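# Got a predicted structure plus its sequence, pasted below:
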Amino acid sequence: MLGFLLFAWTVGGCSSATSPPTLDEVRATQGRSKAGPTENWRVANAVWSKSTQAMRDRAYRFCLTRRPRNTGCLDEQDWSLISANHAETNVSRILTSPDDEYPYFKAIRDRPASFSDARAFCFQIYDDAGAADARILGPCLLNAIGGDYFGIVPVS
């Protein structure tokens, strides 16, 4: 009898797990977000930036599936991906601008590989965690260029 009940429970699908959201559901949710559709974002020219849409899709699936009660998760994913692209844009600008235009970024100009090393580290963490939760990328990449992701330093 116990064997039959176990078989019926397994075959009958008495699981509380829900199926992951479809791509259409994910994109519809993105369209309603504060950041809007990804195609309206100005992404960097970095190689990884071309994957921003796919990264955002995975990030939204992560939130909708694993953090459905965390109302800030989707906004955090967006802000992180936007910030990571912003860091890439800044580094590109720093490396191609005259030396005196951005004197406070002299360290990056003097050692351009330092940002590449930081990027590799940030993406290794992202990849090690399954490349689904992008919230690490913005803080990590902005930190590499001296950015203030969390807005700790007041701007007047």
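Arrived safely.
# CA atoms for contacts and neighbours, from now on please.
Fine.
# How about the contacts made by residue 91?
108, 115, 145 (CA atoms under 8 Å, 6 or more residues apart in numbering).
# And the second one, how close does it get to residue 123?
Read that as residue 115. According to CA to CA, to the nearest Å, residue 115 and residue 123 sit 12 Å apart.
# got it, and the first one?
The gap separating residue 108 from residue 123 is 19 Å, by CA to CA.
# Could you single out the nearest of the contacts of residue 91 to residue 73?
Nearest to residue 73 among the contacts of residue 91: residue 145, at 24.4 Å, using CA to CA.
# On the pLDDT front, check the closest one for me.
Looking at residue 145, its pLDDT stands at 90.
# Kindly report the same for residue 43.
91.
# mind checking which helix or strand the nearest residue to it once chain neighbours are set aside is in?
In this structure, residue 43 finds its nearest non-sequential neighbour in residue 85, 5.6 Å apart by CA to CA, 6 or more residues apart in numbering. Applying DSSP states H and E as the criterion places residue 85 in helix 73-96.
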